[in-house]
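> Could you look at this predicted model? Sequence included:
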Amino acid sequence: MADSVQNTPSDPAERYLVLLNEHERALAAYVHALVPDRLDAEDILQSCKLTMWKQFAQFEPGTHFLAWARKIAFHQILNHRRSARRKPLYSAEPAFLEAVAAEIDRVSDSLADRSEALHDCLRRLPENQRRLVLLRYYEDHDIAAIAKETDRTEAAVYKLLSRVRAALNDCVKARLASSPA
């Protein structure tokens, strides 16, 4: 999935910061998944961001920024492990890290597609149903609080949430089935 190029700033520094801001959490999750020590992971992330900035002129606009960033992060992790000569928890083989990284890439792209489909499906819900979903899953209200706030019985809230979840599930499946692979 390529990053959006519409409304792209012309200044390279600004473009870099916009893209980094958009993908920073996913990049951090990737590094933390591959590096068990939190402090090491944070050091690698900082080094990765610096390297990404230095190499940003080589990034091709319109391509997948996160995939490019992950590749740089992966090499930073390998370099860190070589220089630290640490005893890894699972395997000393770079092939192991490559396999884990490939699986994270595969799952991450799939989850990103599902997340995008879900956001689109949520936007299409009627306002009262979208509000119910937001109260329950984004604001973490319990059923009793939602019932009180929406002037419904708890049973009615359970039933409506069940119907909304089923509709969202069907919508997401349909979106994913219709999107190009």
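In hand now; what should we look at? Everything numeric in this text was worked out from a predicted model, so none of it was measured.

> Only C-alpha atoms from now on, for both contacts and neighbour counts.
Will do.

> Longest helix of this protein, counting residues only.
Looking only at the chain and at elements set by DSSP state H, the helix with the highest residue count is helix 94-124.

> Now do it, average pLDDT.
Helix 94-124 carries an average pLDDT of 76.

> From the contact counts, what lies against that helix?
helix 12-34, helix 65-84, helix 154-178 (3 or more C-alpha pairs under 8 Å, 6 or more residues apart in numbering; DSSP states H and E).

> So what touches the helix or strand following that helix?
Note on helix 94-124: by DSSP states H and E, the next helix or strand toward the C-terminus is helix 127-133. The contact list for helix 127-133 (C-alpha atoms under 8 Å, 6 or more residues apart in numbering) reads 122, 123, 146, 160, 161, 164.

> Show me which of those are buried.
By neighbour count, with 16 or more other C-alpha atoms under 10 Å, the contacts of helix 127-133 hold 122, 146, 161, 164 as buried.

> can you put those residues in TSV and add distance to residue 152?
Listed next are those as TSV, based on distance: C-alpha to C-alpha, whole Å:
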residue	distance to residue 152
122	21
146	8
161	12
164	15
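
> which of these lies closest to residue 49?
Closest approach between these and residue 49, by C-alpha to C-alpha: residue 122, at 33.1 Å.

> show me what contacts the closest one?
Counted by C-alpha under 8 Å, 6+ apart, residue 122 has contacts 130, 168.

> rerun that using 10 Å as the cut-off
Taking C-alpha atoms under 10 Å, 6 or more residues apart in numbering, we find residue 122 in contact with 116, 129, 130, 131, 133, 134, 164, 167, 168, 171, 172.

> State the pLDDT value of residue 39.
88.

> Now list the buried members of the contacts of residue 122.
Buried by 16+ other C-alpha under 10 Å: 129, 130, 133, 164, 168, 171, 172, out of the contacts of residue 122.
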